[in-house]
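Colleague: Any chance you can model this:
(2 chains)
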Amino acid sequence: MRALSVTAMIGATIAVVALASCRPRRDADEGSRRAHALDAGKNTASGSEELEVGSGAGNSGKGTGKDKKGSAILSGGGSVAASAVVEPGTIEDDPVTQKIVKTSGGFDNRLRVKNLRQLRAAIHACVGDGLTAVDASMHLTTAGGVALAPPDGEGRFAFLNPTRFPAGADVLDLEGAFLLDPDRAERFAADADSLSAPFLRALENVANVVAHNCDLRTKSCSCGTLEAAREMARRCLPAFKPDEAAMVAAIEALATTCSAGAAGARKAIASLVASYAFAAKN
Amino acid sequence: MDRRKLLTTGLKGGIGALAFAGMPRIPGLFPEKSFDAYVRMAELARAPWSVALARSQGLLWEPRAEAAEGSEYALVTIKVLNHVFTPLVFAPGKIVDGQTQLASGIVRGSTRAGAAQAMLAAAGVDRPSDRGRYAALRLNKWFADLLHFGTKDGLAKATGNVYSGTDASIGELPEGTVALQTFLGLKQIAGQNHALKGLKIRQTLPDLALFCEEKGLVASPLGISALMMGGEYDRAEGQLSVNAVLAAQDGEAIAVPSRRIEDYVNQLRQFVSRSYVSRDPLAQNLAARFDRIVEGDPKLRRELLSSVEAFKAALGRFDTVAALESERQVFDAARGNGQSSVAGKGASHEFVAQCLYVNECLALPGKPLRNFSLFLNINDLDGKDLDAVANNPNPGQDAGGIHAFSYVEGMRQLAVGLNILGRRIAQGEKLVVCVVSEGGRGAAMEDSKSSFAMVMGPGGAGNLADALNANLTELDKPDGVVRDLAAENAQLAWNSGDGIRAKGGTRLDGAAAIPSVGDVQMGVAQFLEDKTGIDARGGVGAEDARFARLKRG
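Modeller: The predicted structure is shown next:
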């Protein structure tokens, strides 16, 4: 019982700290609203989407982690399926316009994902700026050469096809067509009502570049202790409740993997960024 | 292990599992090895009891157990834009001594074929096939021979008459194991020309691919693959200039964007390469741990992980198919094998490559990809001949962005592509292929309102039979409706085949039985309902749920 109380206190403290430190940035928030207004205007004009007004707040602290449809409950309230468009790294407290995309009668998207702008901001908030650039050290050469070279002392190895990912390019730009429907400002879910395989594979490419670039000596790329892993999860997945069972399990696994040397740390960071949770729109 | 056995096994551990699920959820309570058990038990507390009991054994499940439970059927939807010219595929008219008789002045398949006229006439485009099976479907000899042999010239396979890369995939199309059905006189869905939305099942229903995936008629573990050829198509009255699987909203809301084969293959090549992201089995996979924050059972992650080795083994074959996309034929005006925006060069193998890509995907262990939306981009003629390749783009659209096949080359690759897919069906693949277009090409080669469709699938008892769905009274006359099978007056109720049916299956007559492109697609869904036992049309309104019944074997 005592363990329960202590754990609950820690969880509550983390939630309070997360909320306090994640107030919406005014400029980002305004940009987000503008983008959303554009989306709403376009979609209203085309009549292609259902627009609803709902609250993004109000049930924090009493959610079970899943709503009836199985959507994750966000720490700021609301659900991923009907979440507001907010800047990654922030938690929107105000009631906002929500958008539900129906791919067919009776089917709502359960999961909506970040667009390119939101992914970039989320990576920045998670592990730092400038980590999406491709460089030559990532390039595979021949199957029998660099491709088979073991990780170096920093845990880095070559993994990228140089033709498709030239040095100096930004991996988010290169993967844009898989991460964002180029014909719409907003990306619909691709696999009927969930993430698509091309999206997740593209996100993995982004995650690999980010993990390769991460300077493990910096605090933002540190996750080898439980405390550091919690802090990383707070930065990277600000919308999810830190005391949810699945989150706690993931954080502990993150710390375990991350503590296994430099290679483990890069694996941990890449796996986090490549996940559904990171892809999900906050 | 089937679902019943799974549930029985689950019951054995039920009491203990429920007891476990009833424990307070205390973060950090369970040791590392129990994380997955904990997450599953947390789900258990919210799940219906029967499912919960089955899930209590979740840690013992094979990763693919759930995927194997779904429909075994694969689906290929082939969208043909811009419009189809019926006499290039069929042989309408009164048949006398195996030849069609048409009144003077009626435009036949070869009439407006430009430099390809002599070739088409000699190959039999103006007369019914001399093979009974195809003659019964009213296919003309030129198209039927291409379909039957899968070669470029409609002759038996020999040196030099096959498309690059197809040699191992083509051959005579077997009768009996592969059924082919044709549908004539179809009215449009959206009433518009050159609009992708005209290929949805209904204006307010999604594409067939998405409908079948959502309803479980097709269960593709890695989702729907939508392919594009020819850069853009000449969208005149549509919003989108590329293929996409469309959602249910009225209009052209994208559910799945399209890619070139090369894009898919390049991504697969990178995916099977080295990665920092965890490749551990699902139960220990770190990315999956984070997935579970959002989705308790990250099925897509499981399928991605289990598909790595299959894709790695097939990568060479995928590379070969992707290379075909940009490989061009030698241009031969007499064969009409041109493609717009590439003057002086022959057409690429883009559509045939899409069909080969489907076959390679279906050959992957576990069939992680089973639902495909293909695109056949043929030139918007607007009065030009069937061999023409000059673009006449919609205002605001870049003509150079359109790389459409000539009509002749388009129908040639359609026939060969169907041969490739048909031979896959003949090998036992539970695959249904549905060919649709958004409208017809009129006698003056103008945009018009009536089109045809084709469906191919497994043949034999309990499966499909060959069938011609048409108004034979009009089709067999030397004059009348046959003057322009794309005109609105060609939309006539059928008196052959199994007809148009109301939602519950009652055969419709008269004006109510005039068929549409959507009715044929709903017929495919209805066939898959029969095969899977899934009531997919249950929640669909009566008018939208009507269907063209596919004749059974």
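Colleague: wait, isn't residue B:341 in contact with residue B:391?
Modeller: Yes: counting by Cβ atoms under 8 Å, residue B:341 does reach residue B:391; the two are 6.7 Å apart. (C-beta placed from N, C-alpha, C; glycine too.)
Colleague: which neighbours do these two share?
Modeller: B:399-400, B:402 (Cβ atoms under 8 Å, 6 or more residues apart in numbering or on different chains).
Colleague: Let's see if you can find the most crowded of those residues.
Modeller: residue B:402 (26 neighbours; other Cβ atoms under 10 Å in any protein chain shown).
Colleague: wait, that residue sits on residue B:232?
Modeller: Yes: at 5.2 Å, residue B:402 counts as touching residue B:232 under the criterion of Cβ under 8 Å.
Colleague: on that earlier part again, could the shared contacts of residue B:341 and residue B:391 go into JSON lines alongside secondary structure, distance to chain A and pLDDT?
Modeller: JSON lines is the format used below for those (DSSP: H, G, I helix; E, B strand; the rest coil; distance: Cβ to the nearest Cβ, whole Å; pLDDT from 0 to 100):
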{"residue": "B:399", "secondary structure": "helix", "distance to chain A": "19", "pLDDT": "93"}
{"residue": "B:400", "secondary structure": "helix", "distance to chain A": "18", "pLDDT": "94"}
{"residue": "B:402", "secondary structure": "strand", "distance to chain A": "16", "pLDDT": "96"}
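Colleague: So which of those residues is the closest to residue B:350?
Modeller: Nearest to residue B:350, judged by Cβ to Cβ, of the shared contacts of residue B:341 and residue B:391 is residue B:402 at 12.9 Å.
Colleague: Report the secondary structure state of the nearest residue to residue A:171 once chain neighbours are set aside.
Modeller: Among residues not flanking residue A:171 along the chain, residue A:209 sits closest, at 4.2 Å (Cβ to Cβ, 6 or more residues apart in numbering or on different chains). Taking DSSP: H, G, I helix; E, B strand; the rest coil as the rule, one finds residue A:209 in the helix state.
Colleague: Can you get me a residue count around residue A:209?
Modeller: For residue A:209, the neighbour count with other Cβ under 10 Å is 29.
Colleague: residues in contact with it?
Modeller: Neighbour list for residue A:209: A:131-134, A:138, A:160, A:165, A:171 [criterion: Cβ under 8 Å, 6+ apart].
Colleague: could you dump these to a markdown table with pLDDT?
Modeller: Listed next are these as a markdown table, based on pLDDT from 0 to 100:
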| residue | pLDDT |
| --- | --- |
| A:131 | 97 |
| A:132 | 98 |
| A:133 | 98 |
| A:134 | 98 |
| A:138 | 95 |
| A:160 | 94 |
| A:165 | 95 |
| A:171 | 97 |
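Colleague: Give me the number of neighbouring residues for the closest residue to residue B:371 other than its chain neighbours.
Modeller: Of all residues not flanking residue B:371 in the chain, residue B:220 sits nearest, at 4.0 Å (Cβ to Cβ, 6+ apart). Using other Cβ under 10 Å, residue B:220 has 27 neighbouring residues.
Colleague: now the one 4 residues further on
Modeller: Using other Cβ under 10 Å, residue B:224 has 26 neighbouring residues.
Colleague: can you check the one 10 residues further on too?
Modeller: Other residues near residue B:234 come to 27 when the count uses other Cβ under 10 Å.
Colleague: Please name every helix or strand in contact with the host helix or strand of residue B:122.
Modeller: Here residue B:122, judged by DSSP states H and E, is contained in helix B:117-123. Other helices and strands packing on helix B:117-123, by 3 or more Cβ pairs under 8 Å, 6 or more residues apart in numbering or on different chains; DSSP states H and E, are helix B:141-149.
Colleague: Was I right to think residue A:220 contacts residue A:128?
Modeller: Yes: the pair residue A:220 and residue A:128 passes the contact test of Cβ under 8 Å, sitting 4.5 Å apart.
Colleague: Which neighbours do those two have in common?
Modeller: When contacts are counted by Cβ under 8 Å, 6+ apart, residue A:220 and residue A:128 have residue A:214 as shared neighbours.
Colleague: In the stretch 451-553 of chain B, what residue lies closest to chain A?
Modeller: residue B:539 (5.8 Å; Cβ to the nearest Cβ).
Colleague: residue nearest the centroid of chain B?
Modeller: residue B:77 (1.5 Å; Cα atoms, centre = their mean).
Colleague: Please pull out the lowest mean pLDDT helix or strand from chain B.
Modeller: Least confident helix or strand of chain B, by mean pLDDT, DSSP states H and E, is helix B:49-55 with a mean of 29.
Colleague: where does the stretch 351-500 of chain B dip in pLDDT?
Modeller: Counting by pLDDT under 70, the stretch 351-500 of chain B has no low-confidence residues at all.
Colleague: Now the helix holding residue B:122: buried residues?
Modeller: By 16 or more other Cβ atoms under 10 Å in any protein chain shown, the buried positions in helix B:117-123 come out as B:117, B:119-121, B:123.
Colleague: where does chain B have low pLDDT?
Modeller: Checking chain B against pLDDT under 70 turns up B:1-69.
Colleague: the longest helix in it is where?
Modeller: helix B:299-326 (DSSP state H).
Colleague: picking that back up, mind putting the contacts of residue A:209 into CSV with secondary structure and neighbour count?
Modeller: Putting the contacts of residue A:209 into CSV (DSSP: H, G, I helix; E, B strand; the rest coil; neighbours: other Cβ atoms under 10 Å in any protein chain shown) gives the following:
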residue, secondary structure, neighbour count
A:131, coil, 22
A:132, coil, 20
A:133, strand, 16
A:134, coil, 23
A:138, helix, 21
A:160, strand, 25
A:165, coil, 23
A:171, helix, 24
